[in-house]
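**Student:** Following is a predicted model, sequence given first.
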Amino acid sequence: MKVRFGPDGAHLFDRWSGMNLLLDEVEVPERAWSAAPRQVSIALTNACDLACTYCYAPKHRAVLGVESLLGWVRELDLAGALGVGFGGGEPTLYRHLPDVCEYMAENTNLAVTMTTHGLRWNAALTSRLSGVVHFVRVSVDGTTNTYERLRGRSFERLRDSLRLIAADFRWGINTVINEETIKDLDGIASLASEYGAAELLLLPQQPTKTAGGVQQATLRELESWVRRYSGPVPLATSENAEIGAPLARALQHEVGLRSYAHIDATGTVRRSSYAERGVPVDEDGVMAALARLERMGA
């Protein structure tokens, strides 16, 4: 297990099972706190073969260099990060993806996760990533007709991908909550249960350049759904999302950049993927960029 130290104590994490153990009775002096964020998301590329109107990802061309990327993950590992989550764009369009994941599994103690639409997964890709990726998040915004209207792809093709992913990986579903998807939550939860998902992550839609944020009436519907939900798949949400239900926060004092940071496909580190301001990662590395971001208060 990897050990991370912080204001809440000693945090032990197993990247294969996802088990977390917090020794909160341990008082760790500030000088010994792990310097890196607990979790860092990295957009490998802005490229995507879908065109969802509510997607927040930038649309200009950008892709990370593999040598820079490997240097950053080594830094984050040594500085106490527990995991790196790859996204985009669509991470399976990044041609170095299997090699990077293999390197991280063999040379770091980081958990390797990714967020994908899942539609490009096949036996060859599954074979390359099996044993080196610890968790896969599949974006599923609706079922049947809703999914096909929003994603422009066959829902049966998605089912084929879920069978492949579920057979080899711990996995979960991400769902953007908006006025169209809220009505499909029962179906999405059933899909998650059918294929043995470990988590259903509910993400209220954020404003983008092409779409507004989720409406208050929809948030009230979501609150009602969450409160009556009794399915077997655990529900989750992002740290700052409001889903109308109390959330357990074990790490009360590990917030802001101690908790999370995002690196976009241009190599700019931000407080989140939605943050407008950021700091480029220069030759002095990702930890130096995070320190500059902290000083900026951006």
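**Tutor:** Noted; the coordinates are in hand.

**Student:** beta partners for the residue nearest the centre of the chain?
**Tutor:** The centroid of the chain falls nearest to G85 when counting by C-alpha atoms, centre = their mean (5.2 Å). With DSSP bridges applied, G85 shows beta-bridge pairing to S41, T113.

**Student:** Next: R137.
**Tutor:** Counting by DSSP bridges, the residues bridging with R137 are T115, G172.

**Student:** Can you tell me how far it is from A192?
**Tutor:** Per C-beta to C-beta, to the nearest Å, R137 is found 11 Å from A192. Just so you know, the C-beta spots here come from the backbone N, C-alpha and C atoms, and that holds for glycine as well.

**Student:** Who has more neighbours out of the two?
**Tutor:** A192 (26 against 21; other C-beta atoms under 10 Å).

**Student:** Which pLDDT value belongs to that one?
**Tutor:** pLDDT, A192: 98.

**Student:** just checking, the residue nearest to the centre of the chain touches A43?
**Tutor:** No: using C-beta atoms under 8 Å, G85 makes no contact with A43, being 9.9 Å away.

**Student:** OK, contacts around R137?
**Tutor:** G85, T113, M114, T115, T116, W171, G172, I173, N174, L201 (C-beta atoms under 8 Å, 6 or more residues apart in numbering).

**Student:** Go again with 7 Å.
**Tutor:** T113, M114, T115, G172, N174, L201 (C-beta atoms under 7 Å, 6 or more residues apart in numbering).

**Student:** Likewise for L64?
**Tutor:** Residues in contact with L64 (C-beta under 7 Å, 6+ apart) are L44, A265, G267.

**Student:** mind checking how far it is from A189?
**Tutor:** On the measure of C-beta to C-beta, L64 and A189 end up 34 Å apart.

**Student:** Repeat that for Q205.
**Tutor:** Using C-beta to C-beta, we find Q205 at a distance of 18 Å from A189.

**Student:** Same check on H96?
**Tutor:** The value you get for H96 to A189, if C-beta to C-beta is used, is 35 Å.

**Student:** And Y103, by the same measure?
**Tutor:** Counting by C-beta to C-beta - Y103 and A189 are separated by 36 Å.

**Student:** swap in E180?
**Tutor:** 16 Å.

**Student:** more neighbours, the two?
**Tutor:** A direct count of neighbours by other C-beta under 10 Å for E180 and A189 places A189 higher, at 22 against 16.

**Student:** do you know how far the closest residue to S34 other than its chain neighbours is from D99?
**Tutor:** Once flanking residues are discounted, S34 sits nearest to G80: 2.5 Å by C-beta to C-beta, 6 or more residues apart in numbering. As for G80, its distance to D99 is 25 Å (criterion: C-beta to C-beta).

**Student:** More neighbours: which of these two?
**Tutor:** It is G80, of G80 and D99, that has more neighbours when counted by other C-beta under 10 Å, with 19 against 14.
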